[in-house]
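1. Take this sequence and fold it.
(3 chains)
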Amino acid sequence: MDPKEPKHDDHGHNHDHSHDAITASKNRSYYEIMEIAVRELLVEQKLIGADEIRRQIEVLDSRTPALGAKVVARAWVDSDFRSRLVADGRAACEELGISFYDDTQLIVLENTDTVHNLIVCTLCSCYPRPVLGLPPDWYKLKPYRARAVSEPRSVLAEFGTVIPDNVEIRVSDSTAMVRYLVLPNRPNGTEKYTEEQLAAIVTRDTMIGVAQVKL
Amino acid sequence: MTSRRTALKIGAAIAGGFMISRGTLAVDDFHRMPVLALGEAPLFKVGDRIRVLKRSPIGHYRVPTYVRGKSGVVESVVEPVRVNNEEEAYGRNAGSKLHYYRIAIPMRAVWSGYSGSPLDGLRIEIFETWLERV
Amino acid sequence: MTDTSSLMTRLPNDIGGVPADHIVRSEHELEPWEKRCHALADVLDFRKIINTEEKRRGVEALGSEIIGKLTYYERWIVAFSNILFEKRILTPESLSKKIDEVSLR
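-> Residues are numbered from 1 along each chain as shown, chains lettered A, B, ... in the order given. Predicted coordinates:
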C-alpha cells in the first residue's frame, strides 16, 4: 500500500486497498506515465500550452491558507471590509490581490455568538482553493464527507472542538459553483495585535470550521 | 441607487423628455417595462418555502439523496443565472441558464433522530429545476 | 433476481449521511505528477476543453471498483483520458502509443 495514502474507504462500497503502483522505469507509476502522455499529446495538438501548465503549478503553489488568514485578519480590523466581504466574498478577496482563476463564487460565513459554521462537500471535494490552497486528505475522504453533514458535533469533537448546544452549528454543503470560507470569531486578548499577528493565529482548520482560533 | 445610476436615470429622463417634446418618443414607450425572457427572473425569492424534489436521475446529479423531499426556506438567490450543472457535466458550457438558490433546512428536518442541537441547520445550493413551492 | 436499480440511482460519491468511521487526520504533500494533474484540470477547465463538472461525471462513471482502487488523482487522469476519447480529441491508439514511448524514457 502506498505509504502516503491513508487506509481509506472513499465510497459506500468495500474495496481492496491495493494501491500498489505498477512501477515502470524510473519509479514512475502507470498513472504518472498516463499524465505525461495525455499532457504531451494535448500540447502537441496545440490545445494547451506547456507554459500554461507550468504557470498553473506556480499559481497553485502560491495559494495557501496564509491568503485566507490575511482576509480574516483584515475583516477583523476593518469593519467596512468585513461588510464587503460578507456581501461578495470573491470581490473582497480580489481587493487584496487574491484572484479567482475559476468560475466559482465565494460566500464568507461569519461565525457569531449564536452561529458556528462548518463547510463540507459531500459529493466530491469542493473547497475554496483560490484562497486556501489544496484541501487536506481528510476533507476529501468518506468519514468527513459522510458525517460532517449528519453529525457535525461529533465530527467537531474529534477535532477537539466543542460547541455549546445553545450555539447553532450551520453546515454548508457545496454542490455547485459557490465555495465557502468560514470567518472565525476573533479571540479575546487580541485587541493590541497587529494585522500580521492576527493573521498568524488563523489556521486553515479554523476557516473550514473544524477548529476555533486559539492564542 | 448609486450616484452613477441616478445620473443615468436623470440623463435618460432629460433625453426622454426632450424626445417627447420633439415628438420622437411616445410617453407610453418611455414608461414601458421590458419583458424578461423565460428563466431570466428568479422563480423564488428570499423567504419562500420550498421543497427539494424527489427525482432519482441516473447518469449524473448534484442534489444529494439525503436532501431530496426535504422542505426548507430560500435564504438567498445566487446571482447571476448559471448553466444547470447536471447538464454541464455532459459538455453544455453555455445557454439555458437559470438560478441557483441557497436553501436553509433545519438539521432535525433533514435527519430523523438528529442527535445534535435543535438549533443546528444545513445550507445547500440547489438549481431551480429541482425545487417546488410548498 | 436481485434489484440492482440502486446502483443506477445512487452515485458512488453520494455519501452524505451514510455511516462512516472516525476521521483520520491524513494529509500528504502532492507528488509532482499529482500537482501537474491538478494544474492540467485547471487548464482544461479554463480552456473549456473539459469543464469541472464533466470531470466529476467522468470520475463517477469509472464505477465503484475503479473508484475504490485508484487514488484521487489517478481517478482524474483516467477520467480525462476517457472524456478526451469521447470528444475525439485523443484516440485510445494515440494515447497508448504515447504511453509506450514515455515508458521507454
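2. buried sites along the host helix or strand of residue A:75?
-> Per DSSP states H and E: residue A:75 is located in helix A:65-77. Counting neighbours by 16 or more other CB atoms under 10 Å in any protein chain shown, one finds that the buried residues in helix A:65-77 are A:65, A:67, A:68, A:69, A:70, A:71, A:72, A:73, A:74, A:75, A:76. Glycine gets a C-beta too; all of them are placed from N, C-alpha and C.
3. Okay, the third one and residue A:119: tell me how far apart.
-> Here residue A:68 is placed at a distance of 12 Å from residue A:119 (CB to CB, to the nearest Å).
4. Return every residue with contacts to both of the two.
-> residue A:181 (CB atoms under 8 Å, 6 or more residues apart in numbering or on different chains).
5. Tell me, how many residues neighbour residue C:42?
-> Residues within reach of residue C:42, counting by other CB atoms under 10 Å in any protein chain shown, total 19.
6. and it, what element?
-> Using DSSP H and E, residue C:42 sits in helix C:32-46.
7. Extract the C-alpha trace of that helix and format it as CSV.
-> Only the C-alpha atoms of helix C:32-46 are listed here, as CSV (Å, rounded to 0.1, in the frame of the first residue of the first chain):
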residue,chain,number,x,y,z
PRO,C,32,4.9,16.3,-8.7
TRP,C,33,2.8,14.4,-11.1
GLU,C,34,-0.3,14.9,-8.9
LYS,C,35,0.3,18.6,-8.9
ARG,C,36,0.7,18.6,-12.7
CYS,C,37,-2.5,16.6,-12.9
HIS,C,38,-4.3,19.2,-10.8
ALA,C,39,-2.9,22.0,-13.0
LEU,C,40,-4.0,20.1,-16.1
ALA,C,41,-7.5,20.0,-14.7
ASP,C,42,-7.5,23.8,-14.2
VAL,C,43,-6.1,24.5,-17.6
LEU,C,44,-8.6,22.1,-19.3
ASP,C,45,-11.4,23.9,-17.4
PHE,C,46,-10.2,27.3,-18.3
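8. Following the chain onward from that helix, which element is next?
-> Past helix C:32-46, the next helix or strand by DSSP H and E is helix C:52-60.
9. quick one: the helices in the chain?
-> Here I'm looking at chain A. Along chain A, counting by DSSP state H, helices occupy A:30-44, A:50-62, A:65-77, A:79-87, A:89-95, A:129-132, A:137-140, A:142-147, A:152-158, A:195-200, A:204-208.
10. To clarify, I was referring to chain C.
-> Here chain C has its helices, by DSSP H, at C:5-9, C:32-46, C:52-60, C:63-69, C:72-86, C:92-103.
11. Comparing the ones you listed, which comes out most buried?
-> By mean neighbour count, with neighbours taken as mean count of other CB atoms under 10 Å in any protein chain shown, helix C:52-60 ranks first of the helices of chain C at a mean of 22.
12. Contacts for that one, please.
-> Contacting residues not belonging to helix C:52-60 are listed as A:102, A:123-124, B:59-60, B:62, B:85-86, B:88-91, C:11-13, C:41, C:44-45, C:50, C:67, C:75-76, C:79-80, C:82-83 [CB under 8 Å, 6+ apart].
13. give me that answer again for 7 Å
-> Residues from elsewhere that reach helix C:52-60 (CB atoms under 7 Å, 6 or more residues apart in numbering or on different chains): A:124, B:60, B:85, B:88-89, B:91, C:11-13, C:41, C:45, C:67, C:75-76, C:79, C:82-83.
14. C-alpha coordinates for it, CSV please?
-> Output of helix C:52-60 as CSV, limited to C-alpha atoms (Å, rounded to 0.1, in the frame of the first residue of the first chain):
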residue,chain,number,x,y,z
THR,C,52,-15.1,20.8,-13.8
GLU,C,53,-18.5,19.2,-13.9
GLU,C,54,-17.5,16.9,-16.8
LYS,C,55,-14.5,15.8,-14.8
ARG,C,56,-16.8,14.9,-11.8
ARG,C,57,-19.1,12.9,-14.1
GLY,C,58,-16.1,11.2,-15.6
VAL,C,59,-14.9,10.1,-12.2
GLU,C,60,-18.3,8.8,-11.2
